[in-house]
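# Fold the following, please.
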Amino acid sequence: VSTQSTWVFLDVAEGGVRFGRIVIELFVDSVPKTAENFRALCTGELGNGLHYQQTPFHCVMRNLLVQGGDIEKRGGSGGRSIYGAYFDDENFIHKHEAGSVSMVNHGPNTNSSQFMMLSKPCPELDGKHVVFGRVVSGMEAIQKMQSVKVGPRDKPSKALIIASCGMVQLQEFGKKRQRESEMGGGSSESRGDTGDAPPAKKQRKAPAQPVHWVQRRHHGS
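Here you go, the predicted model:
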């Protein structure tokens, strides 16, 4: 994937009402395998259910993070990567800061499709979860997501859905950001794209328990 193909977008909606667009820069140079997993899941180019579109954010922790990406069971107990059920932790170079996008896991070397986006620094996650990107636009949408009513296990009472997702054309995005700045706000619209499929990897069986407990353990909730 070229440097011009390292930004992706997620359009989030609740009950058909759009919350906004989140644009994420992927760290393709330092965590290329993890970044490619997320990129391909955003475009859905590989088919076979490997797509974030119409999947929910199943966990919302106010003033902390939102968690989604369970393309398999949609509730936090499943997930699947483009390489198989799981793939290994690539490295822990990047720290968990406000705006970080990081993998959710069941323990070491159990990355799949689940991810989290942080609204505040979480150093207790460093060395345990792989950070592979950062939010460059749309933090206000994440904050709005964190204001929704939640039930048991921090699950939103009304479904928060990734209504659409794909790749961002950086040149056009930059022009629109400039126009929005001059006009005092607005939203950016981008189109998806496709790329080459990655090599397959031998699958490992996924555990049945939800991933949500990992976050609760780290934050003492």
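
# Report the contact partners of the most centrally placed residue in the chain.
Nearest residue to the geometric centre of the chain (CA atoms, centre = their mean): residue 115, 4.6 Å. If a contact means CB atoms under 8 Å, 6 or more residues apart in numbering, then residue 115 has 38, 67, 68, 69, 101, 102, 103, 104 as its contacts. C-betas here are computed from N, CA, C, even on glycine.

# now residue 55
Here residue 55 is in contact with 68, 69, 70, 71, 74, 161, 162 (CB under 8 Å, 6+ apart).

# quick one on the thing from earlier: out of the contacts of residue 115, which sit inside strands?
67, 68, 101, 102, 103 (DSSP state E).

# wait, which of those is closest to residue 134?
Proximity of those to residue 134, judged by CB to CB, is greatest for residue 101, which lies at 6.3 Å.

# What backbone torsions are found at the closest residue to the closest one other than its chain neighbours?
In space, and not counting its chain neighbours, residue 101 is closest to residue 133: 4.0 Å by CB to CB, 6 or more residues apart in numbering. When read as degrees, to the nearest 10, the backbone of residue 133 gives phi -170, psi 180.

# beta partners of residue 133?
Beta bridges link residue 133 to residue 26, residue 101 when assigned by DSSP bridges.

# Residue 22 is in contact with that one, correct?
No. The criterion here is CB atoms under 8 Å, and residue 133 misses it with residue 22 at 10.6 Å.

# Report the separation between the residue nearest to residue 101 and residue 64.
Using CB to CB, to the nearest Å, residue 133 is found at 18 Å from residue 64.

# Give me the more crowded residue out of these two.
Set residue 133 next to residue 64 and count neighbours by other CB atoms under 10 Å: residue 133 wins out with 25 against 17.

# Quick one: residues contacting the more buried one.
Neighbour list for residue 133: 24, 25, 26, 27, 35, 38, 100, 101 [criterion: CB under 8 Å, 6+ apart].

# And for residue 44?
Counting by CB under 8 Å, 6+ apart, residue 44 has contacts 50, 51, 52, 53, 165, 192.

# Quick check: the gap between it and residue 81.
14 Å.

# Could I get the buried residue list for stretch 46-55?
50, 51, 52, 53, 55 (16 or more other CB atoms under 10 Å).

# give me every residue that touches the second one.
With contacts defined as CB under 8 Å, 6+ apart, residue 51 is in contact with 41, 43, 44, 71, 165.

# Where helices are concerned, which of those residues count?
Of the positions in the contacts of residue 51, 41, 43 sit in helices, assigned by DSSP state H.

# For the contacts of residue 51, which two are the farthest from each other?
Greatest spatial distance in those: 43 and 71, 13.2 Å, computed using CB to CB.
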